[in-house]
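Below are the sequence and a predicted model; questions follow.
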Amino acid sequence: EEEVDRRLAEEDVRAGAAYARALGRASVLTADEVATLVAGLERVAEEFRAGTFAFAPTDEDIHTAVERRLGELVGLVAGKLHTGRSRNDQVATDIRLFLLRETGALEETLKDAQRTIVDVAAAHLDALMPGYTHLQPAQPVRFSHWLMSYFWMLERDRGRLRDLRARASCCPLGAGALAGNAYGVDRVALAEELGFATVAENSMDAVSDRDMVLETLAWGAMLGVHLSRLAEDVILWSSAEFGFLRLDDRYSTGSSI
């Protein structure tokens, strides 16, 4: 659990810097205080990137770890960063930013897989193979037609990923513990700076919503089924009984006996 929490370090520092600037725009912090906090947070980020950040036994979570280290670097002004902010809206923001970053990378990986499928299919347009129903040969089909069926499965997966990303792109920062922020923080500007498409409309919902996590897990399960189907077909078609494909040794292993 602690290791999972640490994976939010980049997002926690990024959201912290944005919140410091928002407090500056709200005249809660001076320009010098904002500059000090942002510079300190960048030093914390550098430590995380370099793998030199030292966690303390008193760090309850990634939020307190960052705030504690920030205080060591810039002094008491670090405490002002938490003005009007709660770990409730912090973690909700971090999770959404993390999911948006990771799912963005996953979508690019899906595109790469689709490009590979199209390239391989195009290179074997004349290759014919039996089409099976319940492992009984039924009709002749093109190898490319079989392979492209997985392109369209991944296309649906990409569509579902875009849908869940749209719902995840909603900024909870500024919702406080549950009842909002009383310091005049411009939540719209805050959301725009962090790259969110919208601002959460209800503060209680903002800090309690974890739908995006469940959606991402459900999406991953469906993607896993599609990739498993492709892998099993490749295994079957490359077996001695079928022999339609030949796997490179880099993607296969011998028997343990």
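Yes, it's here. Residues are numbered from 1 along each chain as shown.

what comes up buried for the helix or strand of the chain with the lowest mean pLDDT?
Least confident helix or strand, the chain: helix 2-6 with a mean of 78, by mean pLDDT, DSSP states H and E. Residues of helix 2-6 classed as buried: Asp5, Arg6 (neighbour count, 16 or more other Cβ atoms under 10 Å). Just so you know, the C-beta spots here come from the backbone N, C-alpha and C atoms, and that holds for glycine as well.

State the mean pLDDT of the helix or strand just after that helix.
Next helix or strand after helix 2-6 toward the C-terminus (DSSP states H and E): helix 9-25. For helix 9-25, mean pLDDT is 97.

what residues does helix 9-25 touch?
Helix 9-25 is contacted by residues 29-31, 33-34, 37-38, 41-42, 44-45, 48, 53, 62-63, 66, 70, 80-81, 83-85, 90, 93-95, 97-98, 101, 173-174, 183, 185-186, 189-190, 193-194 when judged by Cβ atoms under 8 Å, 6 or more residues apart in numbering.

List the buried residues of the single longest helix found in the chain.
Of all segments of type helix in the chain, defined using DSSP state H, the longest is helix 87-123. Residues of helix 87-123 classed as buried: 87-100, 103, 106, 110, 113-114, 117, 121 (neighbour count, 16+ other Cβ under 10 Å).

Run through this structure and note the low-pLDDT ranges.
1-2 (pLDDT under 70).

residue boundaries of the helices in it?
2-6, 9-25, 31-50, 62-74, 87-123, 143-168, 187-194, 203-208, 211-237.

Give me whichever of those helices is most buried.
Mean neighbour count (mean count of other Cβ atoms under 10 Å) peaks for helix 9-25 among these, with a mean of 23.

Just the CA trace of that one, in CSV.
The C-alpha coordinates for helix 9-25 follow below in CSV (Å, rounded to 0.1, in the frame of the first residue of the first chain):
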residue,chain,number,x,y,z
ALA,A,9,4.6,11.6,-5.8
GLU,A,10,4.8,13.4,-9.2
GLU,A,11,1.2,14.3,-9.1
ASP,A,12,1.3,15.4,-5.5
VAL,A,13,4.1,17.8,-6.2
ARG,A,14,2.6,19.1,-9.4
ALA,A,15,-0.8,19.7,-7.7
GLY,A,16,0.9,21.4,-4.8
ALA,A,17,2.7,23.8,-7.0
ALA,A,18,-0.5,24.7,-8.9
TYR,A,19,-2.3,25.2,-5.5
ALA,A,20,0.5,27.5,-4.3
ARG,A,21,0.0,29.7,-7.4
ALA,A,22,-3.8,29.6,-6.8
LEU,A,23,-3.3,30.8,-3.2
GLY,A,24,-1.1,33.6,-4.6
ARG,A,25,-3.8,34.6,-7.1
